[in-house]
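**Student:** Show me how the following folds:
(chains A and B)
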Amino acid sequence: MKQKRKTEFFKKFRKHKLANVGLIIIIIEILMVTFLPIILGLDPYSIDSTGFNQAPCAKHILGTDDIGRDLFARVLYGGRVSLIVGICSTIISIIIGLPLGILAGYYRGIIENIVMRLADIFMSIPAMVLILVIVAVFEPSIITIIVVIGITGWTGVAKLIYGNVLSVRNKEYVEAARAIGTKDREIIMRYVLPNSIAPLWMSVAFRISQAIMTESGLSFLGAGIQSPQASWGNIIYAAQNLVVLTKRWWVWVPAGVLLMITIICINLVGEGIRDALDPKMKR
Amino acid sequence: MEKRELLLDVVDLKKYYPVNKTIIKEKRKYLKAVDGINLRIYKGETVGLVGESGCGKSTLGRTILKLHQLTDGAIWYKGNQIESYGFEDMRELRKDMQMIFQDPFASLNPRMTIFDAVKAPLDVFKIGTNEERTDRVKKLLNYVGLGENHIYKYPHEMSGGQRQRVVIARAVISNPEFIVCDEPVSALDVSVRSQVLNLMKDMQENMQLSYLFISHDLSVVRYLCDRIAVMYLGRIVEIASKKELFENPIHPYTKALISAIPIPDVKVKTKRIILKGDVPSPIDPPTGCRFHTRCPYATKECAEVMPELKEINSQHQVACIHAI
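**Tutor:** Now for the predicted structure:
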């Protein structure tokens, strides 16, 4: 039975063409950023003293930046950082936010008050300021940034799920489940969760892109991934300089385009998963 | 009347919902959905519970199954007093006490196949091995008229009548003895209604079920029930065997209800009793007899004395001070 449902899920997902394109692109991207630097022996830190600000040429296919580092290498290494930050921090947000949102929505009462007021407190502090403070206390590294972005993001997940659980818990089928003697844990897992999780798939995509952006912003403020380490964020922020923006497109266009494609693809995959899990969708 | 086994005995059951939350006790207001109900259900019989919307029928059904916590009173089930049972004790009992819900579109989990939905009670009570459960579910679904090809469908792929069969199958799969049916056919097409009712009747004969059949449709109740209780504003005003109630209604409210049943014959002239006014609010119910504000025979006394159920004969009880 379980097996059957799994294959059904994949079958439906495969029919969602755009989601598949998105998934394939993301997989290619992940493979590229992990293996290409090793295969080609690229080094994002070595400085080519023969050419600063070089336009794309045979030696540097994406040109070099203002101190002569190979931009192709930097984009690939930056991709590693950005994808890891985006995905891992979102996972942390969900691990914290999902159970809290469900418990608050299902049990109401004290738990609801504690969780929601906590979320309000978290939300009332500007995330950027909180992140800056925490990063200032602990030194900025990939792990600190992942954890910090992940922790500040739980409120969104919790509120979203909480709202959905509130509407689902009063549905008659939940009462019916109670009437046949189902335990709370099972009601949550088999009745409440599957019916309230759909919007999360879209929000996951949004969250990953948000996390990548936040990391970029942090890099710009000097609290993110520290130079010389690369991330898509700090590569793009080089374009703050008007000369770079207008004259040296090769510095920021590749990273920018990759960031955009990644976000679109993640969104498509999110949509595909949501639709494949919905028994009402038949394609 | 032969002596039958008493299955369920509800004694002075009350269910109040708080309307406002004040610390001062005198100012607290309650919505008295169910206000002192006495009801006995014997093994194998069907008791109909009729009344207009908002009179507390559904609340009574749910409170008996303890889906809602009761405010006051006692519930005896097979000689055990269950109103103080905790979750675990009640869980054991739920094998025997089930419920059929009104809206088959809302009472099935949209993300569970009907096979899983019907199998759920067996999983909950861990009855039999997995193969036995599967077997039993298939047999029962077949019995309620849903063949192999429907088993792995989702609720939205089925019609209302089919879904209600699923809901019924889910209610009887654990071999219960008592089922609360909360308007099981009111959401269905007239054409499907009789099929579902016949199915329920069939099952009752085969499985020795007792039903508490909640409905606002007297013709449905007439078809299925042995005894009928009429409810008004949280209280039972008349309870009698089917024959007695339809042939010799005593309470003015029951008379009005019965006069409202359409008779499909142009030659028959019915005297329709039209009640004046609306149902009073259950937050602030009238004093004395709940019905006196709308009763055509009301006297001064009616507003002062709250009538208790009086026995007219062994099969007929009425709560009206004017009843002989």
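
**Student:** quick one: contacts for residue 254?
**Tutor:** Answering for chain A, as no chain was given. A:Leu62, A:Leu71, A:Phe72, A:Val75 (C-beta atoms under 8 Å, 6 or more residues apart in numbering or on different chains). To be clear about C-beta, it is placed using only N, CA and C from the backbone, and glycine gets the same treatment.

**Student:** please go with chain B instead
**Tutor:** Contacts of B:Thr254 (C-beta under 8 Å, 6+ apart): B:Val230, B:Val237, B:Glu238, B:Leu245.

**Student:** Closest to B:Leu199 out of these?
**Tutor:** Distance to B:Leu199 across the contacts of B:Thr254 (C-beta to C-beta) is lowest for B:Leu245, with 24.7 Å.

**Student:** now the closest residue to that closest one other than its chain neighbours: how far from B:Thr46?
**Tutor:** With sequence-adjacent residues excluded and distances taken as C-beta to C-beta, 6 or more residues apart in numbering or on different chains, B:Leu245 is closest to B:Ile228, at 4.9 Å. Distance, B:Ile228 to B:Thr46, using C-beta to C-beta, to the nearest Å: 9 Å.

**Student:** before we move on, what about B:Gly161?
**Tutor:** For B:Gly161, the distance to B:Thr46 - C-beta to C-beta - is 21 Å.

**Student:** Neighbour count: these two, which is higher?
**Tutor:** B:Thr46 (22 against 19; other C-beta atoms under 10 Å in any protein chain shown).

**Student:** Let me see the contact set for that one.
**Tutor:** Contacts for B:Thr46 (C-beta under 8 Å, 6+ apart) come out as B:Gln204, B:Ser210, B:Tyr211, B:Leu212, B:Phe213, B:Leu224, B:Cys225, B:Asp226, B:Arg227.

**Student:** Keep only those of those residues that are in helices.
**Tutor:** Among those, the members falling in helices are B:Gln204, B:Leu224 (criterion: DSSP state H).

**Student:** Quick check: residues of the stretch 101-250 of chain A near chain B?
**Tutor:** Counting by C-beta under 8 Å from any C-beta of the partner chain, the positions of the stretch 101-250 of chain A adjacent to chain B are A:171-173, A:175-183, A:186, A:190-191, A:194-195.

**Student:** Buried ones among the residues you listed?
**Tutor:** A:171-173, A:175-182, A:190-191, A:194-195 (16 or more other C-beta atoms under 10 Å in any protein chain shown).

**Student:** Isn't A:Arg178 up against B:Leu67?
**Tutor:** Yes - A:Arg178 lies in contact with B:Leu67 (C-beta atoms under 8 Å); the separation is 6.2 Å.

**Student:** From the structure, what's the count of residues near the residue lying closest to A:Gly101 once chain neighbours are set aside?
**Tutor:** Distances taken as C-beta to C-beta, 6+ apart place A:Ile161 nearest to A:Gly101, at 3.2 Å, with adjacent residues excluded. Counted with other C-beta under 10 Å, the neighbours of A:Ile161 add up to 27.

**Student:** cool, and A:Met202?
**Tutor:** 15.

**Student:** Now do it, the pLDDT please.
**Tutor:** Per-residue confidence (pLDDT) for A:Met202: 82.

**Student:** Against which helices or strands is the helix or strand harbouring it packed?
**Tutor:** A:Met202 belongs to helix A:198-221 when assigned by DSSP states H and E. Helix A:198-221 sits against helix A:71-107, helix A:127-137, helix A:142-152, helix A:154-169, helix A:232-236, helix A:249-277, with contacts defined as 3 or more C-beta pairs under 8 Å, 6 or more residues apart in numbering or on different chains; DSSP states H and E.

**Student:** for B:Ser215, phi and psi?
**Tutor:** Per-residue torsions, B:Ser215: phi -160, psi 160 (degrees, to the nearest 10).

**Student:** Test my guess that it contacts B:Val47.
**Tutor:** No - if you go by C-beta under 8 Å, B:Ser215 and B:Val47 don't touch, sitting 11.2 Å apart.

**Student:** which one of those two has more residues nearby?
**Tutor:** More crowded of B:Ser215 and B:Val47, by other C-beta under 10 Å: B:Ser215, with 24 against 21.

**Student:** ok, what's across the strand from the residue nearest in space to the middle of chain B?
**Tutor:** Per C-alpha atoms, centre = their mean, the C-alpha nearest to the average position across chain B is that of B:Ile214, at 2.9 Å. Counting by DSSP bridges, B:Ile214 forms beta bridges with B:Leu49, B:Asp182.

**Student:** Distance of it relative to chain A?
**Tutor:** Counting by C-beta to the nearest C-beta, to the nearest Å, the separation of B:Ile214 from chain A is 14 Å.

**Student:** my guess is that residue meets B:Arg62, correct?
**Tutor:** No - using C-beta under 8 Å, B:Ile214 is not in contact with B:Arg62; the gap is 9.7 Å.

**Student:** which neighbours do these two share?
**Tutor:** In contact with both B:Ile214 and B:Arg62: B:Val180, B:Asp182, using C-beta under 8 Å, 6+ apart.

**Student:** Show residues contacting stretch A:132-142.
**Tutor:** Residues outside stretch A:132-142 that contact it (C-beta under 8 Å, 6+ apart): A:Val81, A:Ile84, A:Val85, A:Thr144, A:Ile145, A:Val148, A:Leu218, A:Leu221, A:Ala223, A:Gly224, A:Ile225, A:Gln226.

**Student:** Could you rerun that using 6 Å?
**Tutor:** A:Thr144, A:Val148, A:Ala223, A:Gln226 (C-beta atoms under 6 Å, 6 or more residues apart in numbering or on different chains).

**Student:** leaving aside the residues next to it on the chain, what's closest to the first one?
**Tutor:** Ranked by C-beta to C-beta, 6+ apart and with sequence neighbours excluded, the top spatial neighbour of A:Thr144 is A:Phe138, at 4.8 Å.

**Student:** same deal with the third one?
**Tutor:** Counting by C-beta to C-beta, 6+ apart, A:Ala223 lies nearest to A:Val135, which is 4.5 Å off, once chain neighbours are set aside.

**Student:** ok, the residue nearest to B:Leu245 - contacts?
**Tutor:** By C-beta under 6 Å, 6+ apart, the contact set of B:Ile228 is B:Gly48, B:Val221, B:Lys242, B:Leu245.

**Student:** What's the local residue count around B:Pro286?
**Tutor:** As a burial measure, B:Pro286 scores 16 neighbours (other C-beta under 10 Å).

**Student:** Count the residues that sit near residue 142.
**Tutor:** By default, I'm working from chain A. 18.

**Student:** please go with chain B instead
**Tutor:** B:Asn142: 14 surrounding residues under other C-beta under 10 Å.

**Student:** Let me know the helix or strand that it is in.
**Tutor:** helix B:130-143.

**Student:** Now do the helix or strand following that helix and helix B:130-143, the angle between them.
**Tutor:** On the C-terminal side of helix B:130-143, the closest following helix or strand by DSSP H and E is helix B:160-172. Our comparison of helix B:160-172 with helix B:130-143, counting by axes from the mean of the first three to the mean of the last three C-alpha atoms, to 10 degrees, yields an angle of 140 degrees.

**Student:** Can you name every helix or strand that helix B:160-172 contacts?
**Tutor:** Applying 3 or more C-beta pairs under 6 Å, 6 or more residues apart in numbering or on different chains; DSSP states H and E, we find helix B:160-172 packed against strand B:97-100, helix B:114-125, helix B:190-207.

**Student:** Mind putting the ones you listed into CSV with mean neighbour count?
**Tutor:** As requested, the helices and strands packed on helix B:160-172 are arranged in CSV below (neighbours: other C-beta atoms under 10 Å in any protein chain shown):
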stretch, mean neighbour count
strand B:97-100, 26
helix B:114-125, 22
helix B:190-207, 15
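
**Student:** Fine by me, we can end here.
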